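S.K.: sharing a model that was predicted from the sequence below.
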Amino acid sequence: MGRLRLDPKDRLILANQFQILEKLYPDEAESYAKYRKIVQSGYELCYDWMIGQFSDPMSDDQCREVIEILDMYRRLRNSYAELPAGQQQGIRARDLDFPGFDGNNESEYLGLHEFFQSQDKWQELPAINSHIPTLETYRRMLAGYEPFKHNDRLTAAQIIQILAERVHPDRR
């Protein structure tokens with residue numbers, strides 16, 4: 001994040017907000033008083049202390065990528081469930097479980113997924129920490145999914161083809 005700059009009006013509003021928060025939350029009053037002092041005094045170098053809990057913003061492209069990944073997994077699962085039992089051969093149901101995003105390296109993706117779930121979206125795809133990076137795998141899968149994403153349903157062969165993209169090309 002770049003250096004935060006506040007004009008006098010913003011400083012006044014924030015100082016008042018911190019003063020209100022000091023009164024509302026006595027257990028956290030010391031922190032709010034510190035932030036109020038920083039803002040009132042114009043200690044710009046210390047402004048970041050107030051927003052330390054904020055993440056860098058996610059780009060529109062990153063947000064869309066999360067949505068595309070979750071939609072792809074939803075389509076894979078729903079299409080599999082609609083296949084007649086005889087056509088499900090060669091596809092393991094557990095391969096359609098969403099592995100999640102890595103909490104260490106893809107935390108913003110995991111966080112967005114958790115937010116979506118709090119808004120009752122993609123409830124069937126738990127927001128879990130995969131503990132391993134997953135984006136590269138999902139991107140390969142999305143590339144394989146692209147030709148089929150407008151189909152009403154995926155065939156067994158299409159599901160298998162998309163799932164095959166989980167394996168890195170160097171390991172095939």
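M.R.: Done, it's in. Residues are numbered from 1 along each chain as shown.

S.K.: longest single helix anywhere in the protein?
M.R.: Using DSSP state H, we find that the single longest helix of the chain is helix 60-82.

S.K.: which elements pack onto that one?
M.R.: Where contact means 3 or more C-beta pairs under 8 Å, 6 or more residues apart in numbering; DSSP states H and E, helix 60-82 is packed against helix 107-118, helix 135-145, helix 156-164. C-beta: built from backbone N, CA, C; applies to glycine.

S.K.: in CSV: the ones you listed, plus mean neighbour count.
M.R.: Listed next are the helices and strands packed on helix 60-82 as CSV, based on neighbours: other C-beta atoms under 10 Å:
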stretch, mean neighbour count
helix 107-118, 17
helix 135-145, 17
helix 156-164, 17
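
S.K.: and of those helices, who's closest to G86?
M.R.: When these are compared by C-beta to C-beta, helix 156-164 sits nearest G86, at 9.5 Å.

S.K.: now the helices and strands packed on helix 60-82 in JSON lines, with mean pLDDT and distance to Q87?
M.R.: Compiled in JSON lines, the helices and strands packed on helix 60-82 are given as follows (pLDDT from 0 to 100; distance: least, C-beta to C-beta, whole Å):
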{"stretch": "helix 107-118", "mean pLDDT": "95", "distance to Q87": "30"}
{"stretch": "helix 135-145", "mean pLDDT": "97", "distance to Q87": "19"}
{"stretch": "helix 156-164", "mean pLDDT": "96", "distance to Q87": "5"}
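
S.K.: tell me which of these lies nearest to D170.
M.R.: Across these (criterion: C-beta to C-beta), the nearest stretch is helix 135-145, sitting at 11.6 Å.

S.K.: orientation of the longest helix of the chain relative to helix 135-145 in degrees?
M.R.: On the basis of axes from the mean of the first three to the mean of the last three C-alpha atoms, to 10 degrees, helix 60-82 is oriented at 60 degrees to helix 135-145.

S.K.: and helix 60-82, what's buried?
M.R.: 65-66, 68-70, 72-73, 75-77, 79-80 (16 or more other C-beta atoms under 10 Å).

S.K.: nearest to N104, of these?
M.R.: V66 (17.0 Å).
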